[in-house]
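S.K.: sequence below, structure please.
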Amino acid sequence: MDSVDDKLLYNLTNLHSIPQGSYSIRKNGECISKNSTKDIEIISKKDKSGIDIVVKKGTKNKSVHIPVIITVGGLNDLVYNDFYIEEDCDVLIVAGCGIHNPVKDDSRHDGIHTFHLSSNCKVKYVEKHLGEGKGGKILNPTTNIIMESGSCFEMETIQIGGVTFSKRQTDAILKDRTKLIIKEKILTTGTDFAETNFNVVLEGENSNVQVISRGVAKENSSQIFNSNVVGKNVCFGHIECDGIILDNAKMISIPKIDVQCKDASLIHEAAIGKIAGEQIIKLMSLGLTREESENLIIKGYLS
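M.R.: Residues are numbered from 1 along each chain as shown. Have a look, this model is predicted:
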């Protein structure tokens, strides 16, 4: 671990050093450090690249960190991580990928994460993505969520900036009395492109999903938000997509709601617009430049 690694690790996890407890750190396509505890076991897969994370029954107030860092160009990294959360758990999982690409060749990381939530467990999952350097920084996260009765899954996914291309796929199946909360924040600049696809099936009675997506597209970048929510039972779903565009950026929101039960209640809201000129003028009157004013507004919007 050098200074570049330390900086990426901090930006992804807010940690200044190797974390305590259960963790797996992946660098340039290889696991460089891994640790299990009696409550959370991390097992390397034998048939493909990736790990199995087993959170044992009754584990509460514990965390596991699984960041990925890439510091070379020309790398295509594919990893499969499976999370098995047993009954009555309450845990925090911190993931994400940071790419520091020093050359012009693209570097890419595709992380396929599958969560198997047992009954009455609670998981908070935080995933950050960022890119820096010369070449392309490509990140394509896939999240599969299978929720058994009474479970709760909260996902906070943040694309901090510098990612030249991303395609984000989230698929979820919710059983009885489950709750899924997803909070997404994406920043694109330059000619960056980001696409988000949500597919949620509310299969169980009294299942509930809430998705809040906020995006900021600057310069010549573009973003696409796709959502598909299917209500098959007595359930509730609320999808909210808000975006701010600046310069010549583009943003598209494509909602789809599929109601297959008369007692399903599904709502989709979308709003895309530019930063109001009066907001910028007010901040500039306090002595800030236009760029500083815009960045301050964006920071508040994505916080």
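S.K.: C-alpha from now on. contacts and neighbour counts both.
M.R.: OK.
S.K.: what about Asp105, distance to Lys34?
M.R.: Separation of Asp105 from Lys34 (Cα to Cα, to the nearest Å): 29 Å.
S.K.: scratch that, Gly237 is what I was asking about
M.R.: Separation of Gly237 from Lys34 (Cα to Cα) stands at 38 Å.
S.K.: need the contact list for Ser17.
M.R.: By Cα atoms under 8 Å, 6 or more residues apart in numbering, the contact list for Ser17 reads Asp6, Leu9, Tyr10.
S.K.: quick one: low-confidence parts of the chain?
M.R.: Across the chain, the stretches falling below the confidence threshold (pLDDT under 70) are 1.
S.K.: picking that back up, now, of the contacts of Ser17, which are buried?
M.R.: Burial of these was assessed by neighbour count (16 or more other Cα atoms under 10 Å); the buried members are Asp6, Leu9.
S.K.: and of the contacts of Ser17, the nearest to Asn76?
M.R.: Closest approach to Asn76 among the contacts of Ser17 (Cα to Cα): Leu9, at 19.7 Å.
S.K.: tell me the SS of the closest residue to that closest one other than its chain neighbours?
M.R.: Here the nearest residue to Leu9 in space, its sequence neighbours aside, is Leu15; by Cα to Cα, 6 or more residues apart in numbering that works out to 6.6 Å. Recorded secondary structure, Leu15: coil (DSSP: H, G, I helix; E, B strand; the rest coil).
S.K.: let's have the chain start at 24 instead
M.R.: In the new count, where the first residue is 24, that last one comes out as Leu38.
S.K.: tell me how many other residues crowd Leu38.
M.R.: 14 (other Cα atoms under 10 Å).
S.K.: do the one 4 residues further on as well
M.R.: The burial count assigned to Pro42 is 16, neighbours taken as other Cα under 10 Å.
S.K.: ok, the closest residue to it other than its chain neighbours - contacts?
M.R.: Taking Cα to Cα, 6+ apart as the measure, Pro42 lies nearest to His88, with 7.3 Å between them; neighbours along the chain are not counted. Residues in contact with His88 (Cα under 8 Å, 6+ apart) are Thr36, Pro42, Ser45, Tyr46, Ser47, Ile48, Ile116, Val117, Ala118.
S.K.: hey, what's His88 bridged with?
M.R.: Bridge pairing for His88 (DSSP bridges) gives the partners Tyr46, Val117.
S.K.: what distance do you get for it to Tyr148?
M.R.: Using Cα to Cα, His88 is found at 10 Å from Tyr148.
S.K.: any common contacting residues for those two?
M.R.: What both His88 and Tyr148 touch, as defined by Cα under 8 Å, 6+ apart, is the set Ile116, Val117, Ala118.
S.K.: I'd say Ile74 and Ser59 touch.
M.R.: No. With contact defined as Cα atoms under 8 Å, Ile74 and Ser59 do not form a contacting pair (11.7 Å).
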